[in-house]
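Participant: Prediction below, plus the sequence it came from.
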Amino acid sequence: MKTSLKLIFPAIICCSLILFSGCENDDPEPENVPELITKITLKFSPVGGGDVITTTATDPDGEGVQDIQVDGPINLAKEKQYTLTLELINGLYQQGQDGYDVSKEVEEEGEEHQFFFSFSEGIFSSPTGTGNIKDNASSTVGTINYLDEDVNGRPIGLSTSWTTAGVATTGKSFRVILKHQPELKSNTSTSLDGESDLDITFVVNVN
Amino acid sequence: MQLSCNLKKSILILSILVLVNFATRAQILCSNRLSGHILDEQRLPLTGATVYILEVNRGKVCDVNGFFEFTELCSGAYTIEIKFVGYATRQIKINLTKNERVEVQLLPDEKLLNEVVIEDHIDLVSKTANSQSLSGVALEATSGKSLGEALQNITGVNTIQSGPAIFKPVIHGVHSQRILILNNGVRQEGQQWGADHAPEIDPFIATKIVVVKDASAIRYGTDALGGVVIVTPAELPTDQKIGGQIHVLGATNGRSGVLSGMLEGGFKNNSGWGWRMQGTAKQSGDMHAASYNLSNTGFKELNYSLSTGYHKGNKGFEVYFSRFNTTIGILRGSVVGSTQDLADALEKEPPQYTEPFTYQIAEPRQEVIHNLLKLTGHVRKGNDLFNLRYGFQLNNRKEFDVRRGTLKNIPALGYDLYTQTLDLEWERTLSNTHTRAVGMNGLWQDNNKIDGTQTIPFIPNYTSLSGGLYWIERLSKDKWDAEFGARYDLRFYDVVGFDFANKLYRTSYNFKNVSATAAATYQFTSNSSITSSIGSAWRPPNVAELYSLGTHQSAASIEYGLLLDETTNQVNELSDIDFNSEQALKWVNTYRYHKNKFNVEVVGYINYIFNYIYLRPRGVTQNVRGIFPYFRYTQTDASFIGSDILIGQELFPGLLLQGRISLLRAADVTNNDYLIFIPPNRYEVLLRYNNAKVASMTNLFAEVKLRYVAKQTRAPRVVSIPTILEAKEQGIDLFENDYQNFDFVDSPDAYFLTSVSGGISRPFSNSKMELRVSVENLTNTAFREYSNRMRYYADDLGRNFSIALKYSF
C-alpha cells in the first residue's frame, strides 16, 4: 500500500500539471443565424399597373441597442386597389445564400405563421374597420383580404389586397405583426396566439 | 470511516463491559428494566451511542433507531453516562424503583468534534463557522427532491425558481455565482451564472448537507460571497459486509416516480478497502397548479456514482465518479416573443398553450449532463496532515427553445464546460490549542460553445486559469475558539466570442485580490454559546456579466453585459471601462441556547457587497419583433441585512413544537432602491409527534407544518407594459434618466400553506423498512411565489400526495 500511495500522489500531480497547462484555442466557427430579420420591405403594387410604392424598416444591429429604422410615410393614392407583398431579409447572409430570404421560409412554414394587420379607421374602403390585431381576448376585430394560403387553406399574409378610401388622410398608422404559431394556428387562432417574429408600425398617408 | 471505526471501538468496549457484567451479574436478583432513546440536537436517533451505567459497570450500544435497553436492574440510584463521538458526554441520575424509560438528547461538542476530525482527514467545516446542516431524518424527509428544494429546510436558505423543477439555493438573499457549492469536496462548476440553471447534483449521494452562512472565501476559494453549500456523502465502508438502500417514491402532482439504490461493501482479504455504487432515476410529467395543468413542466433524471477507496491508519485515498443527467421542461406558456406578448401572457390564466397532462417534454427545455471525477488522498505524519484533492468536471448544457421549423431540434444555447481543480492542504497541529492550515487551490476551465446552434452565442468561449494561496490559524483556549485567515487569488481569462454583428472578438485579462476572515466562538455555559465571524470575500466577474448579448425568452428582456458599449454595442476592453471586482464584507453572529426541552438558535447578519453586479433597466429598444426593455449589467453597492431564528420546545414527551423565521432586507445602497427577486420574509411552525416504539414498529411520527410567506413589500416599483408601450409610442424613453429597478407586475400576495406527513419504520434483524406519506399544499391553495420566475405566467404547485418507501440492509 505504501508504495502505491507514493506512486499515486506524484502521478496525480504530474497529470494535473500537464492538464492544467492548457492549450491554445483555435478561433471558434461563427454560427449561421437564420432566425434574424434585419429588413422588412412593404411593396404596395397598384392593381392594373402603376408605380410600386416601397417602404422599408431596417434593424442593422439585431439584438443590439439601436432602434429599428422605419422609413415612410407610405404614400397611397385615393380609391385605388393595391396588392401588398412583404419581403423579409436576414442581412447577416449574402443575397442568394440560403437564409437570406426569410419570406420564403415563412411561406414554406405557412401552417405555423400568420401576418396580422391593424390600421387607423377610415383609410381603407376594403378591408373596413381597423384590421385583425386584437388588443385583448375580448376585443372584436375585422378581416383582412388575404391572397395566399398555407397547406391547410388558412391565410399567411405575405400577399394581401387593400383598397384605399376616397378621403385624403395623413399621418395614419399601419401595423404589421408576424406571429409564429407552431401547433397553434387554427381557424380560430388570433394575433394573441404564439410568439411575435415581427411587430412594426408604419405611417400611412392617403393622397 | 470515522463512524465505523468508532462503532468498532464501541463494540469492543461493549464486549469488555458485557464480560465484566457477566462476572458481577448474578449476585442480586433484580427485575427492573431501564430503556431509553438517545437523540441528537435535531432530535433524530443517534445510532451507535454508548450508554453506560457506572454503578454496575454495564453498557449498551444504541441500535439503528437510537434505542437501548437494560434489564434485570435492582432498585436504587444510578448514574448513566451517554457517549457518542463528536457529542458532549452526558451523565444523568436516575432513581429506579420500577421499569423506566428515559429520553436523552446529546448535543455536539464542538471541541471534541474538531479533535476527532483531526485524527482523520480535514473537515470542511470549521467549528467557528456559522453553519447549519441537514442530515438523518431531516434529510430523508426531502428525498426525491432536488438539491435546491431540499436546502429550503435550512433556515435562512431560500430558492430562486424557474418553474416547478428548477431550484437554485439562495443564502441570505444572494445566489448563483455568489454561492459556492462543494460537491464531495470539489467546487461545482457548471453554467451557474443563469438564474434558471439549477445545481447539477443528485441529493441521494449525500448523507449530510451543510450550509455555511459566512463569507467563507478563505478556505473554499473565490465566489463564496453569500455562503457555501457542502454536499457530503458517507465515508466508504471498510468492512466486508455488503449493505445498501433502496428508495421508491411516488407523487401525484406530476405523477412522478423516483427509484434510487445504493450498494456498498469492502473487499475480501483487503482490509481498509471499500466501494460504493449508487444510482437514481426520476421521471415526472407535467406538474399541476391548484386549478390547471402546467404544460411542459415535466422532467426526467438519471444519475449514478461509483467510488472506491482505501483508508487505514493514517492514510487513505479515494476515487469517485458521478454522472448527473437531466432533461427539464420549462412552462410552455412562459415563452414570449416581445413585450406585447408578455403583456398578453400576464393576462392569461390558465397560461397560453395549456394542454392536458403528458409525460412528453417539448420545447422549451434544458438538457444537462454533469460528470465529475474526483481523486483524493490524505496522509498524516505526526502532527502534520496532508490533503490532496483533484477534480475533473465536464458540464454539457443544451437549451432548446421554441424556434422556426426544424430549428427547434437544435439547441439555441449549448456549451461544454471543462473544469479541473487541484487542492492541496497542509495542516499542522502546533499544540492542543493551536492548529495551522496552509493550502493552495488551482483551477483550469475551458468553455466552448456547441457548434451548430444557429444563434449568436449568449456568452463567449473562454479559458480561465486561477490560483489561490491561503493561511489559517486556529486557536482555542478555555471557552474560546478562534480562527483567523487570509488568502490571495489570481485569475486569468482568455475570451473569444461573437458580437451583435456576428463578428469575432478576442481578449484577455486578469484579476487578483486579497481577502481575510476572523471568527470566534465563545461558550458561555454548556447550554449556550455565541459565534461571530467577519469575513471578506470576492469574486471575479463571470463572463455572462461582462459579455451577455441577447434575449431571455421567458423574461422578454434583452440583456447586455458590462463590456458592451452603450451606444454602438461594440465589445469594449475591460481596461476601457470603470470596473472593480465584487467584494463582500459579511458579519454573521449565531447565538445558541439549549436547556432541557427548549432550544433556540438566532442568527443575525449583515452582508455588504461592494460593486455588486446586477441587471438594471436602462431603456427601451425596438427591433423587428417589437419593443423591449433592455437591461445592462451594472455595479452598485448592495446590503443584505437579516435574521434566521429557530425555536424548539418539547411540549410533552414525543411532541415537539418548532418555529422557524427568516427575515431579510436587501437594498441597492448607492441608488437607494430595492433589488428584485429578493425572497420575502417567511415563517414556519412545525408540530411533530414522535413515538419511538409501537409494538414491533419504531419511529412512528406525524407532522404538521404551516408556512406563511409574506408579500414582498420591498420590491422595486411597478412599470406596467401598457405604460412602457404608450410612452414609447409618444417618443418618451421611460428609463432614459431613471434607472430605478422595476418589475412588470406587483409582487404576489402573501400565502399560507399547510403540509402534513407521517411515517413508521419496521426493523428486522439485519434490515429496516421505512414508510413515509405526505401531503404538500393540503388545502390546494392557489399561490405565486415572488422568487419564482414562473409567477408572471402561472400559479405555483397545487396539492401533492406522496409516498416513499425505504429499505436499508
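Facilitator: Done, it's in. Numbering: from 1, shown residues only, chains lettered A, B, ... in the order given.
Participant: Skip the chain neighbours and tell me the closest residue to A:Thr38.
Facilitator: A:Gly91 (3.7 Å; C-beta to C-beta, 6 or more residues apart in numbering or on different chains). (C-beta placed from N, C-alpha, C; glycine too.)
Participant: Closest residue of chain A to chain B?
Facilitator: Proximity of chain A to chain B (C-beta to the nearest C-beta) peaks at A:Glu195, 3.2 Å away.
Participant: what pairs with that residue across the strands?
Facilitator: Counting by DSSP bridges, A:Glu195 forms beta bridges with A:His180.
Participant: Give me the pLDDT value at it.
Facilitator: On the pLDDT scale, A:Glu195 is placed at 79.
Participant: got it, and B:Gly759?
Facilitator: For B:Gly759, pLDDT reads 92.
Participant: give me the number of residues near it?
Facilitator: B:Gly759: 20 surrounding residues under other C-beta atoms under 10 Å in any protein chain shown.
Participant: How about the contacts made by it?
Facilitator: Residues near B:Gly759 by C-beta atoms under 8 Å, 6 or more residues apart in numbering or on different chains: B:Asn699, B:Leu700, B:Phe701, B:Glu770, B:Leu771, B:Arg772, B:Val773.
Participant: can you do 10 Å?
Facilitator: B:137, B:140-141, B:699-703, B:770-774, B:803-804, B:806 (C-beta atoms under 10 Å, 6 or more residues apart in numbering or on different chains).
Participant: Any quick PyMOL command for the buried ones out of the residues you listed?
Facilitator: Of the contacts of B:Gly759, the buried ones go into a single PyMOL selection, burial set by 16 or more other C-beta atoms under 10 Å in any protein chain shown:
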select buried, chain B and resi 137+140+141+699+700+701+702+703+770+772+774+804+806
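Participant: Out of the contacts of B:Gly759, list just those in helices.
Facilitator: Applying DSSP state H to these, the entries found in helices are B:Val137, B:Glu140.
Participant: Need the worst-confidence member of the contacts of B:Gly759.
Facilitator: The member of the contacts of B:Gly759 with the lowest pLDDT is B:Val137, at 77.
Participant: what residues are up against it?
Facilitator: B:Asp40, B:Gln42, B:Arg43, B:Leu44, B:Pro45, B:Arg688, B:Asn690, B:Asn699, B:Phe701, B:Gly759, B:Glu770, B:Arg772 are the contacts of B:Val137 under C-beta under 10 Å, 6+ apart.
Participant: If B:Gly604 is in a bridge, with which residues?
Facilitator: Residues in beta-bridge contact with B:Gly604 (DSSP bridges): B:Asn589, B:Ser643.
Participant: what are the ranges of the strands in the stretch 401-550 of chain B?
Facilitator: B:413-431, B:434-449, B:461-477, B:480-498, B:504-525, B:528-539, B:549-552 (DSSP state E, counting those that start in this stretch).
Participant: Lowest-scoring secondary structure element of chain A by mean pLDDT?
Facilitator: helix A:2-20 (a mean of 49; mean pLDDT, DSSP states H and E).
Participant: for chain B, same thing?
Facilitator: helix B:110-119 (a mean of 32).
Participant: Quick one: name whatever helix or strand follows that one.
Facilitator: strand B:131-135 (DSSP states H and E).
Participant: Okay, now the unreliable bits of chain A?
Facilitator: In the predicted model, chain A carries pLDDT under 70 at residues A:1-25.
Participant: residue boundaries of the helices in it?
Facilitator: Counting by DSSP H, the helices of chain A are A:2-20, A:102-108.
Participant: what comes up buried for the shortest one?
Facilitator: In terms of neighbour count (16+ other C-beta under 10 Å), helix A:102-108 has its buried residues at A:Val102, A:Ser103, A:Glu105, A:Val106.
Participant: Just give me the neighbour total for the residue nearest to the second one when sequence neighbours are not counted.
Facilitator: I take that to be A:Ser103. The spatial neighbour of A:Ser103 that comes closest, neighbours along the chain excluded (C-beta to C-beta, 6+ apart), is A:Leu88 at 4.5 Å. A:Leu88: 21 surrounding residues under other C-beta under 10 Å.
Participant: How about the contacts made by A:Leu88?
Facilitator: Counted by C-beta under 10 Å, 6+ apart, A:Leu88 has contacts A:37-41, A:100-106, A:158, A:178, A:197-198, B:624.
Participant: mind redoing it with 6 Å?
Facilitator: A:Ile37, A:Ile40, A:Val102, A:Ser103 (C-beta atoms under 6 Å, 6 or more residues apart in numbering or on different chains).
Participant: In TSV, list the buried residues of helix A:102-108 along with distance to B:Gly36.
Facilitator: As requested, these are exported to TSV (distance: C-beta to C-beta, whole Å):
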residue	distance to B:Gly36
A:Val102	77
A:Ser103	81
A:Glu105	76
A:Val106	77
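Participant: Farthest-apart pair in those residues, please.
Facilitator: Greatest spatial distance among the buried residues of helix A:102-108 (C-beta to C-beta): A:Ser103 and A:Glu105, at 7.3 Å.
Participant: can you tell me which of the contacts of B:Gly759 are in strands?
Facilitator: B:699-703, B:770-774, B:803-804, B:806 (DSSP state E).
Participant: Tell me which two in those residues are the farthest apart.
Facilitator: The most distant members of those, if one measures by C-beta to C-beta, are B:Ala702 and B:Lys806, lying 17.7 Å apart.
Participant: got the residues of the stretch 501-650 of chain B near chain A?
Facilitator: For the stretch 501-650 of chain B, the residues in contact with chain A (C-beta under 6 Å from any C-beta of the partner chain) are B:Asn502, B:Gly550, B:Asn569, B:Thr621, B:Gln622, B:Asn623, B:Val624, B:Arg625, B:Gly626.
Participant: Need those in CSV (columns: neighbour count).
Facilitator: Formatted as CSV, these follow (neighbours: other C-beta atoms under 10 Å in any protein chain shown):
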residue, neighbour count
B:Asn502, 16
B:Gly550, 18
B:Asn569, 18
B:Thr621, 21
B:Gln622, 21
B:Asn623, 26
B:Val624, 24
B:Arg625, 28
B:Gly626, 24
